[in-house]
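In: Okay, sequence plus prediction incoming.
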Amino acid sequence: MTKSGDPKRRKASTPIDPSAILRVIGSIPEGAVASYGELATRAGLPGRARLVGRILREMPDLKLPWHRVLRSDGRIAFPPGSRSLREQVRRLAGEGVMVVRGRVDL
DNA sequence: GACATGACATAAC
DNA sequence: CGTTATGCCATGT
């Protein structure tokens, strides 16, 4: 026993459990936005904003309102001109959220 | 196991 | 507004 058999011990490559983060992101109301740090804290993971970003990156997004996730400054996380950025802006616009120059206009 | 990277945050300048 | 620095943690090399 030692390290094999411990439920807390992550297996090789630590695929961590994004359930909490997914839950929080899915709980974002329509027409609203949230920042990575905010989501991380709400998920019970203070200081792990990067984790949220990592999860979304690895996620198949489908069915997840990732387009409501922005940076702490209300800025979009994607680089300008990026396809994902346009998609996010387009989706937000559909919910009444206007984005100008990569910034969210409330 | 060290080093580099990243859909980040906050502070300082 | 811009960059630089520091912290934070999982991944990939």
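Out: Arrived safely, thanks for sending.

In: which element is residue A:87 on?
Out: Per DSSP states H and E: residue A:87 is located in helix A:83-94.

In: Other residues contacting that helix?
Out: Helix A:83-94 has contacts (Cβ atoms under 8 Å, 6 or more residues apart in numbering) with A:33, A:66, A:67, A:68, A:76, A:78, A:79, A:98, A:99, A:102, A:104. Placement of C-beta: from N, CA and C, glycine included.

In: Could you identify the buried members of those?
Out: Buried members of those, counted by 16 or more other Cβ atoms under 10 Å: A:33, A:66, A:67, A:68, A:76, A:78, A:99, A:102, A:104.

In: want to throw these into a markdown table with pLDDT and secondary structure?
Out: Formatted as a markdown table, the buried ones among the contacts of helix A:83-94 follow (pLDDT from 0 to 100; DSSP: H, G, I helix; E, B strand; the rest coil):
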| residue | pLDDT | secondary structure |
| --- | --- | --- |
| A:33 | 93 | coil |
| A:66 | 93 | helix |
| A:67 | 93 | helix |
| A:68 | 94 | helix |
| A:76 | 93 | coil |
| A:78 | 92 | coil |
| A:99 | 90 | strand |
| A:102 | 75 | coil |
| A:104 | 81 | strand |
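
In: ok, those residues vs DNA strand C, which is closest?
Out: residue A:102 (9.4 Å; Cβ to the nearest atom of the strand).

In: re earlier: mind listing what's buried along the helix holding residue A:87?
Out: A:85, A:88, A:89, A:92.

In: And stretch A:53-66, by the same measure?
Out: By 16+ other Cβ under 10 Å, the buried positions in stretch A:53-66 come out as A:53, A:55, A:56, A:64, A:65, A:66.

In: Out of these, which two are the most distant from each other?
Out: A:53 and A:65 (15.1 Å; Cβ to Cβ).

In: Many thanks, I have nothing further to ask.
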